[in-house]
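*Asks:* Fold the following, please.
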Amino acid sequence: MLSRIVPLTLLALTLSANALAAPNIAQRADVTLPLANQLLNATLAACHAKGLTAVAAVVDRGGNLVALQRDDNVGPHNTAAAQRKAFTALSTKTATGTLAERARSNPDAANLTTVNELLLLGGGLPLRADGQVIGAIGVAGAGGSSNDESCAQQAINQLLPTQN
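*Replies:* Numbers count the residues shown, from 1 in each chain. The predicted structure is shown next:
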């Protein structure tokens, strides 16, 4: 029995190594569930330290929701807002507060407000590792965009301090 398992294991390892080395297969860093949960815990802790409650969402590099945490008594619309802020920050690779400012001050960027999938309110930040956007975090319900963004930024500074 063992004599059959060893060759099959070696074959599986060889196939895995060949697949990873294949030139037409993309290999990209991405947000993991443990990292998403760490970011959410740190974000809500940052809000709580200021006496604030919020909801926070993390999406992966494909825009898929990885994790979401919501404090008690946060309005239900904030859940969708947090996820949309994260998606917006990911898809534009830009902080949503920056996008909102651009839309207000630059006529060429004003059309961003017409894209239904984007939410141009501060509180969404891209997550970077080794110069790549690997996902994003969105926060809502902390009493304004600057509070939302501040809580998220504190978590990023704590867990991904060398973002490029």
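
*Asks:* Do you have the helices of the chain handy? List them.
*Replies:* 2-21, 33-49, 77-92, 96-105, 145-159 (DSSP state H).

*Asks:* quick one, longest strand in this structure?
*Replies:* strand 132-140 (DSSP state E).

*Asks:* packing partners for that one?
*Replies:* Judged by 3 or more C-beta pairs under 8 Å, 6 or more residues apart in numbering; DSSP states H and E, the packing partners of strand 132-140 are helix 33-49, strand 55-60, helix 77-92, strand 124-129, helix 145-159. (Glycine included, C-beta is placed from N, CA and C.)

*Asks:* out of these, deepest packed?
*Replies:* strand 55-60 (a mean of 29; mean count of other C-beta atoms under 10 Å).

*Asks:* tell me what it is packed against?
*Replies:* Strand 55-60 packs on helix 33-49, strand 65-70, helix 77-92, strand 132-140, going by 3+ C-beta pairs under 8 Å, 6+ apart.
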